[in-house]
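Asker: give the three-dimensional model of this entry:
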Amino acid sequence: MEKSAILEMRGICKYFPGVRALEDVDFTLREGEIHALMGENGAGKSTLIKVLTGVYPKDGGTITLLDRPVVIRSPQDAQKSGIATVYQEITLCPNLTVAENMYIGRTKGPLTNWKKINADADILLSDLGIPAVANQQLGSCSIAVQQMVAIARAVDMECKVLILDEPTSSLDENEVEKLFGLMRSLKEQGVGIIFVTHFLEQVYEVCDRITVLRDGKLVGEYVIEDLPRVQLVSKMLGKDFDDMADIKSEADTENIDYNSTPVYEARKLAGTTGIKPFDFQIHKGEVNGFTGLLGSGRSECVRAIFGADKVAGGKVMMNGKKVNINKPLDAMKNGISYLPEDRKLDGIVGDLSVRDNIILALQVMKGFFRPFSRAQAEAFADEYIDLLNIKTASTDTPVNSLSGGNQQKVILARWLLANPVYLILDEPTRGIDIGTKVEIQKLVLKLAAEGKSVTFISSEIDEMIRTCSRLIVMRDGKVVGELSGEDLNQNKIMATIAGGES
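Answerer: Numbering: from 1, shown residues only. This next block holds a predicted model:
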């Protein structure tokens with residue numbers, strides 16, 4: 001017997017100047033189900049969520065909760081209607097206690113009975129299996145526990161609809177399992193959960209249904225058992241797709257001369273962030289990568305190469321000649337570009353336009369007292385918007401209004417415009433849709449075929465194997481192995497990470 005609907009959205013439309021974000025989209029959430037909302041970046045997922053939570057006013061359509069029409073004009077209206085959202089970026093206060101975060105905005109000032117509130121919070125935390133206590137500072141908890149506290153707050157406010165927007169992107173495997181356990185517990189209590197994620201494996205592990213959006217339109221709603229992964233990807237992309245198995249075939253490693261002088265070489269390079277001195281080299285046309293568990297030191301290695309972190313020792317050579325790279329500008333002047341792991345913190349300049357973000361690195365190298373003309377800047381931006389298929393209304397659009405995948409492409413455009421001989425990409429496909437992932441992976445291999453050297457870092461081992469011809473394996477801040485050829489497989493990589501020297 002099919003469960004009754006908690007939420008029904010019918011014919012939802014939303015328009016921005018020059019952009020049709022949503023057109024006649026339907027969405028149904030049933031009692032006690034976990035429902036995945038899927039689509040490429042720019043498909044309309046975030047816009048639909050923001051319409052539902054009152055961040056954006058809808059331009060058409062109806063919203064019904066428990067068979068009653070509702071009007072949601074603000075996040076407060078959504079909250080009063082029983083709709084709660086937990087975002088990827090924690091919106092609670094780390095300097096307050098767990099209980100204070102759970103009840104903030106609902107207390108009575110100096111008349112608040114904190115003894116009772118702490119006791120109530122401990123009971124709820126225990127009932128939900130959340131490993132935290134009421135009087136501990138929230139900032140002392142892991143990101144996963146902080147997200148669970150946000151969920152506990154929503155549960156205590158008797159939410160009927162819980163929206164989880166990319167909640168697992170910063171969590172390790174054990175933390176994801178704890179979060180899934182809490183989601184399943186809430187599902188049994190009848191809460192309807194909307195789960196927005198880019199991780200296909202997680203969708204098939206925890207969800208009951210999938211709704212797919214593409215280009216602001218509804219593709220369809222599917223029972224999870226009736227939609228194999230390859231079909232899901234095909235529906236998201238709007239074309240047949242072979243699960244990316246052929247990407248590696250585009251790589252041409254035969255033309256790499258490993259006996260030639262490396263484009264970049266480091267000997268006993270050490271940083272101030274805990275990595276042990278390491279040797280590293282990359283040749284013309286090669287794609288290699290650093291791999292290892294979260295915190296292994298892979299990002300710290302490339303930050304030391306680029307001079308983003310202070311270098312504590314070692315020798316660096318470019319094309320056989322010794323160079324000094326103590327800061328990013330030194331690296332840039334030597335033809336090295338670096339796309340950082342955290343695009344929001346270290347990558348985009350959110351309030352600047354797409355055009356200004358694209359020309360930023362080249363302008364820094366030229367000097368701000370010698371600015372590009374508007375025509376030059378427009379020409380650069382138009383070239384790379386076209387090359388990378390960046391979806392933006394215009395070059396003047398603020399970059400923070402683009403989808404995550406398109407923001408990533410803007411940063412990539414910035415570094416490609418600088419015409420590097422050596423390009424470092426740290427997690428270039430994290431948090432973006434599968435179609436954009438494929439585009440970036442193919443672009444990396446195309447750049448290598450044109451003679452550029454690329455270091456590629458990804459948390460997804462399959463992606464590393466598809467893209468790289470050689471992997472440097474990290475553990476506890478130390479290089480513990482180097483794999484290539486037949487050894488470049490998941491079992492060997494995991495064994496090297498776990499066992500140390502290979």
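Asker: so how far is residue 87 from residue 164?
Answerer: 9 Å (C-beta to C-beta, to the nearest Å). Bear in mind the C-beta positions are built from the backbone N, C-alpha and C, glycine included.
Asker: hmm, I was thinking of residue 159
Answerer: 15 Å.
Asker: with residue 230 instead?
Answerer: Counting by C-beta to C-beta, the gap from residue 230 to residue 87 is 30 Å.
Asker: residue contacts, the residue lying closest to residue 350 once chain neighbours are set aside?
Answerer: Leaving out its chain neighbours, the residue that sits closest to residue 350 by C-beta to C-beta, 6 or more residues apart in numbering is residue 400, at 3.4 Å. By C-beta atoms under 8 Å, 6 or more residues apart in numbering, the residues touching residue 400 are 348, 350, 351, 407.
Asker: please redo it, this time with the cut-off set to 7 Å
Answerer: Residues near residue 400 by C-beta atoms under 7 Å, 6 or more residues apart in numbering: 348, 350, 351.
Asker: name the SS class of the last one, please.
Answerer: Using DSSP: H, G, I helix; E, B strand; the rest coil as the criterion, the local structure at residue 351 reads coil.
Asker: that one: neighbour count?
Answerer: 10 (other C-beta atoms under 10 Å).
Asker: again, but for the first one
Answerer: Using other C-beta under 10 Å, residue 348 has 21 neighbouring residues.
Asker: more neighbours: which of residue 230 and residue 87?
Answerer: Using other C-beta under 10 Å as the criterion, residue 230 and residue 87 rank with residue 87 on top: 15 against 12.
Asker: packing partners for the helix or strand hosting residue 183?
Answerer: If you go by DSSP states H and E, residue 183 is part of helix 173-188. Judged by 3 or more C-beta pairs under 7 Å, 6 or more residues apart in numbering; DSSP states H and E, helix 173-188 is in contact with helix 143-156, strand 192-196, helix 200-206.
Asker: buried residues in it?
Answerer: 175, 176, 178, 179, 180, 182, 183, 186, 187 (16 or more other C-beta atoms under 10 Å).
Asker: okay, now the sheet partners of the strand or helix carrying residue 37, with direction.
Answerer: For residue 37, the host element (DSSP H and E) is strand 34-38. Sheet pairing of strand 34-38 (DSSP bridges) gives strand 192-196 (parallel), strand 209-214 (parallel).
Asker: now whichever helix or strand comes after it: average pLDDT?
Answerer: In the C-terminal direction, the helix or strand that comes right after strand 34-38 (DSSP H and E) is helix 45-52. The average pLDDT for helix 45-52 rounds to 94.
Asker: and stretch 120-128, by the same measure?
Answerer: 88.
Asker: now the closest residue to residue 162 other than its chain neighbours: how far from residue 53?
Answerer: Counting by C-beta to C-beta, 6+ apart, residue 193 is the residue found nearest to residue 162 once chain neighbours are left out, at 4.9 Å. As judged by C-beta to C-beta, residue 193 and residue 53 stand 14 Å apart.
Asker: how about residue 92?
Answerer: Note on residue 92: its distance to residue 53, by C-beta to C-beta, is 17 Å.
Asker: cool, residue 98 as well?
Answerer: Applying C-beta to C-beta to residue 98 and residue 53 gives a distance of 24 Å.
Asker: between these two, which one's more packed in?
Answerer: Per other C-beta under 10 Å, whichever of residue 98 and residue 53 has more neighbours is residue 98, with 28 against 21.
Asker: thought that one was touching residue 149?
Answerer: Yes. Using C-beta atoms under 7 Å, residue 98 is in contact with residue 149, at 5.5 Å.
Asker: hey, what's in contact with both of the two?
Answerer: With C-beta under 7 Å, 6+ apart, residue 98 and residue 149 have common neighbours 132, 138.
Asker: follow-up on the earlier one: distance to residue 342 and pLDDT for the contacts of residue 400 - can I get that in TSV?
Answerer: Formatted as TSV, those follow (distance: C-beta to C-beta, whole Å; pLDDT from 0 to 100):
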residue	distance to residue 342	pLDDT
348	10	77
350	13	71
351	17	79
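Asker: would you mind listing where the stretch 101-250 of the chain has pLDDT under the threshold?
Answerer: 107-111, 170, 237, 239-250 (pLDDT under 70).
Asker: repeat the analysis, applying 80 as the threshold.
Answerer: 105-112, 143-144, 157, 169-173, 175, 198-200, 229-230, 233-234, 237-250 (pLDDT under 80).
Asker: again, but for the stretch 351-500 of the chain
Answerer: In the stretch 351-500 of the chain, residues with pLDDT under 80: 351, 368, 403-405, 430-437, 439, 459-460, 476, 494, 498-500.
Asker: before we move on, the earlier item: residues in contact with the helix holding residue 183?
Answerer: Taking C-beta under 7 Å, 6+ apart as the rule, helix 173-188 contacts 32-34, 128-129, 142, 144, 147-148, 151, 155, 162, 167-168, 171, 193, 202, 205-206.
Asker: quick one, which of these are buried?
Answerer: So, of those, 32-34, 128, 142, 144, 147-148, 151, 155, 162, 167-168, 171, 193, 202, 206 end up buried under the neighbour-count rule (16+ other C-beta under 10 Å).
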